[in-house]
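Colleague: Model the structure of this input:
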Amino acid sequence: MFFQEQEVKTFSFDQVVNVDSMESLHPELLQPLAESICSGYNGALLTCGASSEKMCTLIDLSIVKRVIANLFSRMLSQAREELFISVSFLQFYPDGSAVDLLSPKRDVLKPVTHPIFGSLVGGLCEVCVCSEEEAYAVYETCRQTLNASASSFPSRCSFLFAVAFEWKLNPEEVESDICCGRLQLFSLAGGATRTDLRGSSG
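Modeller: Coordinates of the predicted model:
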């Protein structure tokens, strides 16, 4: 028996944000994130540690709503033809299971690997939207559904909300290459034991 020496990995943080310094996120991090996504990159935004209802509401209004507004403002200002925009919302329970809140059929979700787009969730429902108001309305509705379905432990459920933009690189061509930019918003919560899940349904 032998043990392979593992490489030590370190992580760094741009800054720690509280209620008073949340506004500084926009020029330093969120605006560059929106610019990258509108150029065809995938961007991820991770929030964690917000357990109180007040803090969650503040994050929704000061971060989520504004970054969605930035994305739509920049994307629509570029006047791209045949722009397709969709959103999805995946809820994670503390026991490791996941539920697609936009799928009425509750299809089975399977992780798949695409040669171009990378890791995706097969069977995940995507809803087409035309404006930032529609995108945020879907987000709000799913957040309310999450809180209702999680009953006694909504702060222990994590979720992934995604906004995808797709457009033709050469709209004058019939068979043009497609460019895609995606925002993935991860909200991570604390864990829960299986006893916390009694009486819940997916």
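
Colleague: Quick check: longest helix in this protein by residues?
Modeller: In the chain, with assignment by DSSP state H, the single longest helix is helix 132-150.

Colleague: Now do the strands in this structure.
Modeller: 42-48, 84-92, 98-100, 110-114, 118-122, 127-128, 158-168, 178-188 (DSSP state E).

Colleague: between the last one and strand 42-48, how big is the angle?
Modeller: Orientation of strand 178-188 against strand 42-48 (axes from the mean of the first three to the mean of the last three CA atoms, to 10 degrees) gives an angle of 10 degrees.

Colleague: Output the strands of the chain as TSV; include the columns distance to Met75 and mean pLDDT.
Modeller: The C-beta positions use only the backbone N, C-alpha and C, and glycine is treated the same way. Formatted as TSV, the strands of the chain follow (distance: least, CB to CB, whole Å; pLDDT from 0 to 100):
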stretch	distance to Met75	mean pLDDT
strand 42-48	13	84
strand 84-92	8	91
strand 98-100	25	84
strand 110-114	22	72
strand 118-122	21	69
strand 127-128	14	93
strand 158-168	6	90
strand 178-188	8	87
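
Colleague: How many residues are close by the closest residue to Phe84 other than its chain neighbours?
Modeller: Once flanking residues are discounted, Phe84 sits nearest to Glu166: 4.5 Å by CB to CB, 6 or more residues apart in numbering. Residues within reach of Glu166, counting by other CB atoms under 10 Å, total 16.

Colleague: Show the contacting residues for Glu166.
Modeller: Going by CB atoms under 8 Å, 6 or more residues apart in numbering, Glu166 touches Leu83, Phe84, Ile85, Ser86, Ile178, Cys179, Cys180.

Colleague: how about 10 Å then?
Modeller: Residues near Glu166 by CB atoms under 10 Å, 6 or more residues apart in numbering: Gly40, Arg80, Glu82, Leu83, Phe84, Ile85, Ser86, Ile178, Cys179, Cys180, Gly181, Arg182.

Colleague: Format those as JSON lines; extra columns: distance to Gly122.
Modeller: As requested, the contacts of Glu166 are exported to JSON lines (distance: CB to CB, whole Å):
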{"residue": "Gly40", "distance to Gly122": "23"}
{"residue": "Arg80", "distance to Gly122": "28"}
{"residue": "Glu82", "distance to Gly122": "25"}
{"residue": "Leu83", "distance to Gly122": "25"}
{"residue": "Phe84", "distance to Gly122": "19"}
{"residue": "Ile85", "distance to Gly122": "21"}
{"residue": "Ser86", "distance to Gly122": "16"}
{"residue": "Ile178", "distance to Gly122": "19"}
{"residue": "Cys179", "distance to Gly122": "22"}
{"residue": "Cys180", "distance to Gly122": "17"}
{"residue": "Gly181", "distance to Gly122": "21"}
{"residue": "Arg182", "distance to Gly122": "16"}
